[in-house]
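Novice: Let me see the structure of the following:
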Amino acid sequence: MKNIIPVSEGFSDTGLPDMKYYAFDWDDNVVHMPTEIMLQNSDGDEIGMSTEDFAEYRGVIGKEPFDYKGQEITGYAEDPFRNFRTDGDSQFLKDINSAKLGPAWEDFKEAINNGSIFAIITARGHNPFTLRKAVNQKLINEQLAIGFHKPIDIHQGSHTMMHDHDDFEDDSDYEIYEEEPHTDGGDEMQMVKQNLFQLSVYAAKLHDMMEEGHDVEEWVQEKIVEATSKISDVYHYLEYETFKKSR
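Specialist: Predicted coordinates:
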């Protein structure tokens, strides 16, 4: 019989976060961002469309002209999603100040106040550190009087998690950022430790899911072997470096 581990919100008596994991879709769920997709009207001028409206019209854009707020839209403008990538990082930080709270905001706030581990799922291509700064900024604006003391887990543009977002046309649109952001050692170590913590949680869950006599597909076995090998390489490297310093 397996031991039953009680799960509670927030942190345990030992100071470790609980084992619950939350995932929040950013646009039109946590907040309603004013960031616009750029379209073109019959005069060749650019017309901005909100993400909420885009969800309604996306199926007809570029296929046939249609009326949108008194403008005849003929298709996409050049680089229509530029405000949703690294080029739009500065605009994103401005937009967050006027963003309206979405239906998932209260749950999002509760997860943060309870110290729970969470992820933000988004099809945006902003620098993850820009997303983190923007979320922290929004929390301050909403007078929650708290900030992030651990990195946010950002899931961007994943084919698996974002299969309902087909506004990107090729794999190049899924790049998170081109340059490594400048961070101090503390931030880097926090991110490494959070990734290792999540790795341990997933490994434990996978271990419990595997039953004796159960057929495991070949690709699953290969992924597990590959992950084990990579973690082993890192462990033995750091073990040797620690040994050299102790001499």
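Novice: So the protein: which segments form each domain?
Specialist: Using automatic domain parsing, the domains assigned to the chain come out as 21-32+85-186, 36-84, 213-247.
Novice: which stretch among those domains comes nearest residue 201?
Specialist: domain 21-32+85-186 (7.5 Å; CB to CB). C-beta coordinates here come from the backbone N, C-alpha and C atoms, glycine included.
Novice: circling back: in JSON lines: the domains of the chain, plus distance to residue 196 and mean pLDDT.
Specialist: JSON lines is the format used below for the domains of the chain (distance: least, CB to CB, whole Å; pLDDT from 0 to 100):
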{"stretch": "domain 21-32+85-186", "distance to residue 196": "12", "mean pLDDT": "68"}
{"stretch": "domain 36-84", "distance to residue 196": "31", "mean pLDDT": "93"}
{"stretch": "domain 213-247", "distance to residue 196": "9", "mean pLDDT": "86"}
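Novice: Report the buried residues of the biggest helix by length in the chain.
Specialist: Using DSSP state H to define each element, the chain has its longest helix at helix 218-246. Residues of helix 218-246 classed as buried by neighbour count (16 or more other CB atoms under 10 Å): none.
Novice: out of the domains of the chain, nearest to residue 205?
Specialist: Residue 205 sits nearest to domain 21-32+85-186 of all these, at 10.2 Å, using CB to CB.
Novice: What ranges does the protein have for its helices?
Specialist: Using DSSP H, the helices found in the chain span residues 51-57, 89-98, 105-113, 128-141, 185-209, 218-246.
Novice: Adding distance to residue 43 as columns, could you present the ones you listed in CSV?
Specialist: CSV is the format used below for the helices of the chain (distance: least, CB to CB, whole Å):
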stretch, distance to residue 43
helix 51-57, 19
helix 89-98, 24
helix 105-113, 38
helix 128-141, 34
helix 185-209, 47
helix 218-246, 52
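Novice: among those, which is nearest residue 44?
Specialist: Among the helices of the chain, the nearest to residue 44 by CB to CB is helix 51-57 (19.1 Å).
Novice: Against which helices or strands is that closest one packed?
Specialist: Packing partners of helix 51-57 (3 or more CB pairs under 8 Å, 6 or more residues apart in numbering; DSSP states H and E): strand 36-41, strand 66-68.
Novice: residues of the shortest one that come out buried?
Specialist: By that I understand strand 66-68. Buried residues in strand 66-68, counted by 16+ other CB under 10 Å: residue 68.
Novice: so what strands line up beside that strand?
Specialist: In the sheet, strand 66-68 lines up against strand 71-76 (antiparallel) (DSSP bridges).
Novice: roughly how far out does the strand it pairs with sit from the chain middle?
Specialist: 31 Å (CA atoms, centre = their mean, to the nearest Å).
Novice: Ok, stretch 86-100 next?
Specialist: Here the centre of mass of C-alpha atoms in stretch 86-100, compared against the chain's by CA atoms, centre = their mean, lies 16 Å away.
Novice: Now stretch 48-67 - C-alpha only, PDB.
Specialist: Presented in PDB, the C-alpha positions along stretch 48-67 are these (Å, rounded to 0.1, in the frame of the first residue of the first chain):
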ATOM      1  CA  GLY A  48      -4.800  47.000 -34.700                       C
ATOM      2  CA  MET A  49      -7.000  44.100 -33.500                       C
ATOM      3  CA  SER A  50      -7.200  42.900 -29.900                       C
ATOM      4  CA  THR A  51      -6.400  39.300 -29.000                       C
ATOM      5  CA  GLU A  52     -10.000  38.800 -27.900                       C
ATOM      6  CA  ASP A  53     -11.300  40.000 -31.300                       C
ATOM      7  CA  PHE A  54      -8.600  38.000 -33.100                       C
ATOM      8  CA  ALA A  55     -10.000  34.800 -31.600                       C
ATOM      9  CA  GLU A  56     -13.300  35.600 -33.400                       C
ATOM     10  CA  TYR A  57     -11.900  36.800 -36.700                       C
ATOM     11  CA  ARG A  58      -8.800  34.700 -37.200                       C
ATOM     12  CA  GLY A  59     -10.500  32.200 -39.500                       C
ATOM     13  CA  VAL A  60     -11.400  34.900 -42.100                       C
ATOM     14  CA  ILE A  61      -8.300  37.100 -42.000                       C
ATOM     15  CA  GLY A  62      -6.600  37.000 -45.400                       C
ATOM     16  CA  LYS A  63      -9.400  34.900 -47.000                       C
ATOM     17  CA  GLU A  64     -11.900  37.600 -47.700                       C
ATOM     18  CA  PRO A  65     -12.400  41.300 -46.900                       C
ATOM     19  CA  PHE A  66     -14.600  42.000 -43.800                       C
ATOM     20  CA  ASP A  67     -15.700  45.000 -41.800                       C
END
